[in-house]
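S.K.: got a predicted structure plus its sequence, pasted below:
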Amino acid sequence: MRFNSNSESSPRKRRNGQDEGEPAACRPSLSGASEFAGSEGLSKADRSSFGAEPNDAILNVWTSETMGVCMLGIDLADCPFNIMWNGDNTWNGDYSFLLRNLVLKDFRTRYRNMSLGIFWSLVNPLVMMGVMTFVFTKIFPSTAIPKFPVFVLCGLVPFNFFSLAWGTGTTSMIDNASLIKRVPVPREVLPISSVLGNAVHLCIQGLLLLFIAIVFGVGVNRYWLLIPVILALEVVFSCGCVLLCSALDVYIRDMRYMVESTSTVLFWLVPIFYSFSMIRPEYVELYRWNPLAAVVLALRAVILEAQAPPMQLMVKLFVGSFTMFAIGWYAFRRLSARFYDYL
């Protein structure tokens, strides 16, 4: 089935006490409708535009799919041929188009009707940086870490992204339950789009980190080119965690609270406000195999030490991130078969 944004609108008609037809902004045309016969719910103009009279079964699919696309926040005028379903309700559309629009929808609605808008994504790390700098340089001045604001921001930026992406991604399937029931949309796109929506804010906060680094006298070096690679590996790791936890959340609704509690614990286990040199030798390897801690250590090596992260650290970050993604993808695909029964 292909959507046509240029189809004509038709008046609503009543049949068996129910309204039939859809708003003009959400009206598709049906290709291949000549295989079916008879429809009392469409006007003559619609029938002529279809080239045939589709039956009630096709009308039900047409109505469900159209409303589902409207729920995605996608303007049908912008996607005449990018979103398609086969007759057997299997997806045959453009993944990138769907993913891009879901990310844009999340970005546009997150700060809607707020006075500061997108600048709220900068307020949280700046406030936390100021509080931690005051506490660990004035209240507990024993911490001898040069350029402490930059030091702590190297930990806050990746941690804030992971914590927020993990939390919102875990509930993405439940939050979009009505969409999943209406449209045979690829279900794995929903949690991944949630992570990528937060990745937009990660980029903004990354630019803030570089700006603060320059303000505090940290020089620009060639290893800054590795920062997108480091953050991209964190996004891959986050996608794996979200795929796994969002699938489990459909069956176990306590998952969201478990994720919140784990994020609180991780705040202390990731070296955000303390140096890696303070960690006891028996726990060093455990920290290096933690992708989130590895991202923090890699950023500090690039920005504060002006050197490339250790190769061993980058290999562990790469292996840990893609292993988590593979586990999350496999678990999601296995568990998604019965999503509809639990949503």
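M.R.: Structure received.
S.K.: CA atoms for contacts and neighbours, from now on please.
M.R.: OK.
S.K.: ranges for the strands of this protein?
M.R.: 13-15, 18-20 (DSSP state E).
S.K.: what about M324, distance to F339?
M.R.: 22 Å (C-alpha to C-alpha, to the nearest Å).
S.K.: if you count what's nearby, which of the two comes out ahead?
M.R.: Neighbour tally, M324 and F339, criterion other C-alpha atoms under 10 Å: the higher count belongs to M324, 21 against 18.
S.K.: excluding its backbone neighbours, what's nearest the more buried one?
M.R.: With sequence-adjacent residues excluded and distances taken as C-alpha to C-alpha, 6 or more residues apart in numbering, M324 is closest to G240, at 5.0 Å.
S.K.: ok, that neighbour touching Y330?
M.R.: No: in this structure G240 lies outside contact range of Y330 using C-alpha atoms under 8 Å: 9.6 Å.
S.K.: which one of the two is surrounded by more residues?
M.R.: G240 (27 against 14).
S.K.: what about the helices in the stretch 151-300 of the chain?
M.R.: Along the stretch 151-300 of the chain, the segments classed as helices by DSSP state H, counting those that start in this stretch run 172-175, 177-182, 189-215, 227-251, 255-269, 284-288, 291-303.
S.K.: measure L153 to L209 for me?
M.R.: L153 is 7 Å from L209, by C-alpha to C-alpha.
S.K.: V157 too?
M.R.: 8 Å.
S.K.: over to M311?
M.R.: 23 Å.
S.K.: which one's more surrounded, those two?
M.R.: Set M311 next to L209 and count neighbours by other C-alpha under 10 Å: L209 wins out with 23 against 9.
S.K.: hang on, that one packs against P149?
M.R.: No: L209 lies out of contact with P149 (C-alpha under 8 Å); the separation is 9.7 Å.
S.K.: is A301 in contact with Q307, as I believe?
M.R.: Yes: judged on C-alpha under 8 Å, A301 makes contact with Q307 at a distance of 5.8 Å.
S.K.: which non-adjacent residue is nearest the residue nearest to the spatial centre of the chain?
M.R.: Geometric centre of the chain, nearest residue: S194, 1.8 Å, by C-alpha atoms, centre = their mean. Nearest residue to S194, sequence neighbours excluded (C-alpha to C-alpha, 6+ apart): G169, at 5.4 Å.
S.K.: ditto for F267
M.R.: F267 sits nearest to F159 (C-alpha to C-alpha, 6+ apart), 7.5 Å away.
S.K.: what is the burial count for the one you found?
M.R.: By other C-alpha under 10 Å, the burial measure for F159, its neighbour count, is 23.
S.K.: and for Y342?
M.R.: If we define neighbours as other C-alpha under 10 Å, then Y342 has 10 of them.
S.K.: L207 now?
M.R.: 13.
S.K.: likewise F322?
M.R.: 17.
S.K.: how much space between V135 and P141?
M.R.: Where P141 is concerned, V135 sits at a distance of 8 Å (C-alpha to C-alpha).
S.K.: likewise R300?
M.R.: Taken as C-alpha to C-alpha, the span from R300 to P141 is 21 Å.
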